[in-house]
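Q: quick one: sequence plus predicted model below, questions after.
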Amino acid sequence: MRSWRRAFKNRQVRLACLILGGYILVAMLAPVLAPPDDPGNPGTARIVGRPRVGLPQPPSREALLGTTPQQFDVYYSVVWGTRSALRFGLVVTLSTALLGTLLGAVSGYAGGIVHSLILRIGDGFLAFPVLAAVWLIGQVLLPANIWVEPTRIQQVFLNLHLSPVLMALIVFSWVPYTRLVSVTIRQLKQADYIMAARAVGVRGSRILRRHLLPNALAPAIVMAARDVGAMVVLAAAFQFIGMGGGTAWGELLAVGRDYIVGAGGNPLAYWWVFLPATLALILFGVGWNLLGDGLNAVLDPRMV
């Protein structure tokens, strides 16, 4: 409790809670802040005005932050995008952290051939470009076009709304967790209390579950906190270059990319096309990084 109280006295931790609390509050109040046309099936985009206009429209009473060239309401997408960002970041990070931590625990405790095999497999995943993985997974999980009947596997992923970017990041982002947890557990195995537990006949699985893994989780939790924002920013980058994604903010930037620089080279001519989504992404990433720093101060025994 003292560590947590000390953490909340930290200015960065308080700022992180303020930022992330704001995002969570906006996500919860999205139906009130930006009422959808269909409350039973709200989407992350809403068209206002005439779609054939073809130019971004400035902020107005109907669209508080203007519209994209396709007349998507920027304000609506920014508000509802908080839900998709939180969902995407948490799903990817929790999945990769869980997989990587389990493999790291097995690798670090077993050692020998098992340790080498898991790390060599991890090296292979690190060497494979994530951009190529997004394309490859998209070819497997998505039908070639809307007129092609999806296979059973493709239909499952379509029903679950799993994008290739989400799957690629899960499949290729577990390695840092595995390496971190594996190294930590290999160091903890030499601790006196672990040697004493072995001497009195405590089973290896119990040592791993009750002593090694809980003490190895702290650095993984810190990494996971920082990764939530990083995964959302990375997904937005993939959307911006046309590789698909899973966040409304990235979609805003993608549909308005041609208007980021306006007539005469003025970057503020159509500021509403990119500035709200960019600020939302930046603050989202900063908030999670600050939270990671705060958790590091709480969970690191050297900071006591």
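A: It's in. Numbering: from 1, shown residues only.
Q: buried residues, the helix or strand hosting Gly124. List them.
A: Per DSSP states H and E, Gly124 falls inside helix 112-127. Buried positions in helix 112-127, judged by neighbour count with 16 or more other Cβ atoms under 10 Å: His115, Ile118, Leu119, Gly122. In short, each C-beta sits where N, CA and C put it, glycine included.
Q: any idea how far Ile121 is from the first one?
A: In this view, His115 and Ile121 are 11 Å apart by Cβ to Cβ, to the nearest Å.
Q: do Ala224 as well
A: 21 Å.
Q: quick one: pLDDT of the residue lying closest to Glu251 once chain neighbours are set aside?
A: Nearest non-adjacent residue to Glu251, counting by Cβ to Cβ, 6 or more residues apart in numbering: Gln239, 5.8 Å away. Per-residue pLDDT puts Gln239 at 87.
Q: list the residues that contact Gln239.
A: Val165, Gly245, Thr247, Gly250, Glu251, Leu253, Ala254 (Cβ atoms under 8 Å, 6 or more residues apart in numbering).
Q: now intersect the residues you listed with the helices, please.
A: Among the contacts of Gln239, the subset assigned to helices under DSSP state H consists of Val165, Gly250, Glu251, Leu253, Ala254.
Q: hmm, the first one is touching Gly246, no?
A: Yes - counting by Cβ atoms under 8 Å, Gly246 is a contact partner of Val165 at 5.9 Å.
Q: name the residues contacting each of those two.
A: By Cβ under 8 Å, 6+ apart, the residues touching both Val165 and Gly246 are Ala235.
Q: pull the residues that contact the next helix-or-strand element following the helix holding Gly124.
A: Remark: after helix 112-127, the chain's next helix or strand is helix 130-141, criterion DSSP H and E. Residues outside helix 130-141 that contact it (Cβ under 8 Å, 6+ apart): 153-154, 157, 162, 164-165, 167-169, 171-172, 238, 243-244.
Q: so which pair among those residues is furthest apart in space?
A: Ile153 and Phe238 (22.0 Å; Cβ to Cβ).
Q: the more surrounded of the two?
A: Between Ile153 and Phe238, counted using other Cβ atoms under 10 Å, Phe238 has the larger neighbour count: 23 against 10.
Q: name the SS class of the nearest residue to Pro69 once chain neighbours are set aside, please.
A: Once flanking residues are discounted, Pro69 sits nearest to Pro56: 5.5 Å by Cβ to Cβ, 6+ apart. For Pro56, the secondary structure call by DSSP: H, G, I helix; E, B strand; the rest coil comes out as coil.
Q: which residues touch Pro56?
A: Gly66, Thr67, Thr68, Pro69, Gly256, Tyr259, Tyr270, Trp272, Val273.
Q: and if we set it to 10 Å?
A: Contacts here follow Cβ atoms under 10 Å, 6 or more residues apart in numbering; on that basis Pro56 touches 63, 66-72, 74, 255-256, 258-259, 262, 269-274.
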